[in-house]
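Trainee: Sequence and predicted structure below; questions after.
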Protein chains: 2
Amino acid sequence: MPALKGATVPIHFGSFIVTPQVFLQTPLSFALVNLKPILPGHVLVCPRRVVSRVSNLTPAETSDLFLTVRRVSRMIERVYGASSLNIAIQDGVHAGQSVPHVHAHIIPRKAADLDHRGGTDAVYDLLDGEEGDVGKAFRDAQSATPDTPAQDQRTTSRFPAVDNEQRKPRSLEEMCAEAHMLANEMEKEPVE
Amino acid sequence: MPALKGATVPIHFGSFIVTPQVFLQTPLSFALVNLKPILPGHVLVCPRRVVSRVSNLTPAETSDLFLTVRRVSRMIERVYGASSLNIAIQDGVHAGQSVPHVHAHIIPRKAADLDHRGGTDAVYDLLDGEEGDVGKAFRDAQSATPDTPAQDQRTTSRFPAVDNEQRKPRSLEEMCAEAHMLANEMEKEPVE
């Protein structure tokens, strides 16, 4: 069941249908929870129209996208008890973009939250390593069958794991539950 | 001499005056060249008002800032012959922010441009390492005297260099020249 009651039209992230993961829709943008967040509360904000580059956005889409980033950022910081946020766009394949659909990563941060991974800046290694490869995560998930769920398939992926950290692709149920929770939390945020 | 002919009021980036480095002003935002770009064409876009967090921006400031990011991105990609861009905001100190004034990094990217530094994603190590510490770079530059220019002071900084790469803080003249060039190039870009 979609997190958004009014979401009857499938919502696309690149070629993937992500309707159950979407927790906010605006006239020109949407926000979704991540299949494999690199920190709790790591979400994505996208234009509704599937375009690959920021320069492809219209002025209206650009404003709507970043007003949505700002609204979602406030909510994420509150709900996940963060004190800072990383906001990042890999705008094009040579900047590390893995799904050809503009997406702003919002990653809530706290003091010392990545000390065990190498410090504050380890967020970028995670974002750009296999762990943050949203394209691969979605491909893995959509190729999974009930008998071979995504979590199992990942370990037999032709892309080897690049570290020994625990991998955490999430179930659809878990993502839906978070999307529902965040959809409710968004209603507490002022629109402006 | 400022790159912008009309720039009579000093422009602040945090506590630093950056007027000669500014190549674009809009009603609510400005764009400046970097003291120590991590790749050629690495520039910053800021709101005129000195606020530390994206959530502090008004809706009008948010729209203006990201419409400016989009316009500057197009110009930078064209002028520096790039094929992609990294766009990143360290929103708060625990996300790596070094100057408490909202600033979007725009970093032009090409295929294999950072292979010698470890690959596509090395941009983030550079951004968040000492090399991308805009606060430290500005502090160094403004504490320099004519007899001990910033470039020399850096080597005696109490912050040790964290790697053996060549350090390239730039002279005011070099930054001014680039800001002038980019101000001219901005005039070739459509406003929308």
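Mentor: Structure received.

Trainee: switch to C-alpha atoms for all contacts and neighbour counts from now on
Mentor: Will do.

Trainee: thought A:V43 was touching A:A88?
Mentor: No. The pair A:V43 and A:A88 does not pass the contact test of Cα atoms under 8 Å, sitting 11.1 Å apart.

Trainee: ok, which stretches of chain A are strands?
Mentor: Ranges of strands in chain A, per DSSP state E, are A:12-13, A:16-17, A:22-25, A:29-33, A:43-47, A:84-91, A:104-109.

Trainee: So for B:H116, which of the ones you listed sits nearest?
Mentor: strand A:84-91 (20.0 Å; Cα to Cα).

Trainee: which other residues reach the closest one?
Mentor: A:52-54, A:73, A:77, A:96-97, A:102-110, B:84-95 (Cα atoms under 8 Å, 6 or more residues apart in numbering or on different chains).

Trainee: let's see 6 Å
Mentor: A:53, A:96-97, A:104-109, B:84-92, B:94-95 (Cα atoms under 6 Å, 6 or more residues apart in numbering or on different chains).

Trainee: Stretch A:49-60 too?
Mentor: Counting by Cα under 6 Å, 6+ apart, residues outside stretch A:49-60 touching it are A:91, A:100-102, B:70.

Trainee: mind redoing it with 7 Å?
Mentor: A:14, A:91-92, A:100-102, B:67, B:70, B:74, B:192 (Cα atoms under 7 Å, 6 or more residues apart in numbering or on different chains).

Trainee: just to revisit the earlier point, what residues are shared contacts of A:V43 and A:A88?
Mentor: In contact with both A:V43 and A:A88: A:105-106, using Cα under 7 Å, 6+ apart.

Trainee: neighbour count winner among those two?
Mentor: A:V43 (28 against 21; other Cα atoms under 10 Å in any protein chain shown).

Trainee: Please name the nearest non-neighbouring residue to that one.
Mentor: Distance criterion Cα to Cα, 6 or more residues apart in numbering or on different chains; nearest residue to A:V43, sequence neighbours excluded, is A:V33 at 4.8 Å.

Trainee: check contacts around the one you found.
Mentor: A:21-22, A:43-44, A:175, A:179.

Trainee: 8 Å instead?
Mentor: With Cα under 8 Å, 6+ apart, A:V33 has these contacts: A:21-23, A:41-44, A:175, A:178-179.

Trainee: can you pull the contacts of A:E178?
Mentor: A:V33.
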